[in-house]
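Student: what would the 3D arrangement of this be:
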Amino acid sequence: MDRRQSDRSDLNLLPMMNLVSLLIPLLLMGTQLVALSSIDIAQPAAAPTPGPVSDDFHLVVRIEPEGFFVDGAEDVLGEASLHLACEERCTDKDDWPHDELVQRLVEVKEAHPAETRVMVIPDSRVTYQVIVRTLDATRARKAHGEWQELFPEASIGSR
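Tutor: Presented below is the predicted three-dimensional model:
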């Protein structure tokens with residue numbers, strides 16, 4: 001009877017160990033295939049700001065379903081809040097007037113060359129692609145084959 005009990009208690013762990021030894025390298029290789037991307041939306045606090053920055057200047061670009069609202073540059077834009085409306089309803093990421101926004105931001109940058117900050121406030125109904133494209137539009141533009149820096153310290157806010 002002792003012989004039967006000893007035969008039943010012997011477990012063959014070799015197949016399980018072979019499986020684990022094959023799975024570990026596969027799992028490690030699989031982690032390299034998953035790439036995550038991120039958007040740098042603010043300059044680190046420890047880095048110095050490049051030049052004098054006035055505390056009175058607060059440029060804000062609001063993304064609404066009707067278009068863009070640019071606030072904080074009354075001296076350049078001529079009005080407290082500039083509305084850059086879509087031609088029709090803003091539904092697709094290409095419907096928002098990004099080109100017109102860039103032109104207005106170039107005007108603001110020419111009037112305030114030392115400023116580097118902009119706050120982008122998206123509406124909750126605006127898609128992620130529109131937010132990313134707007135952040136790109138506020139940072140730089142390509143003119144005559146070269147990149148011109150606009151407001152590289154972009155941050156995202158909420159209402």
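Student: L150: neighbour count?
Tutor: 20 (other C-beta atoms under 10 Å). Yep, even glycine has a C-beta here, placed from its N, CA and C like the rest.
Student: quick one, phi/psi of it?
Tutor: When read as degrees, to the nearest 10, the backbone of L150 gives phi -110, psi -90.
Student: that one against L105, yeah?
Tutor: Yes - applying C-beta atoms under 8 Å as the test, L150 and L105 come out as touching, 5.2 Å apart.
Student: mutual contacts of those two, please.
Tutor: The contact sets of L150 and L105 overlap at V118, T138, R141 (C-beta atoms under 8 Å, 6 or more residues apart in numbering).
Student: mind checking the SS state of the last one?
Tutor: Of the three states, R141 takes strand under DSSP: H, G, I helix; E, B strand; the rest coil.
Student: before we move on, back to that, export the shared contacts of L150 and L105 to CSV and tack on neighbour count, pLDDT and distance to E88?
Tutor: Putting the shared contacts of L150 and L105 into CSV (neighbours: other C-beta atoms under 10 Å; pLDDT from 0 to 100; distance: C-beta to C-beta, whole Å) gives the following:
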residue, neighbour count, pLDDT, distance to E88
V118, 25, 89, 27
T138, 23, 91, 24
R141, 18, 85, 25
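Student: outline the domain layout of this protein.
Tutor: Domains of the chain are assigned by automatic domain parsing as 2-33, 60-156.
Student: need the winner for burial among those domains.
Tutor: domain 60-156 (a mean of 16; mean count of other C-beta atoms under 10 Å).
Student: show me how far that one is from its chain's centre.
Tutor: Once both centres are worked out by C-alpha atoms, centre = their mean, to the nearest Å, domain 60-156 turns out to sit 14 Å from its chain's centre.
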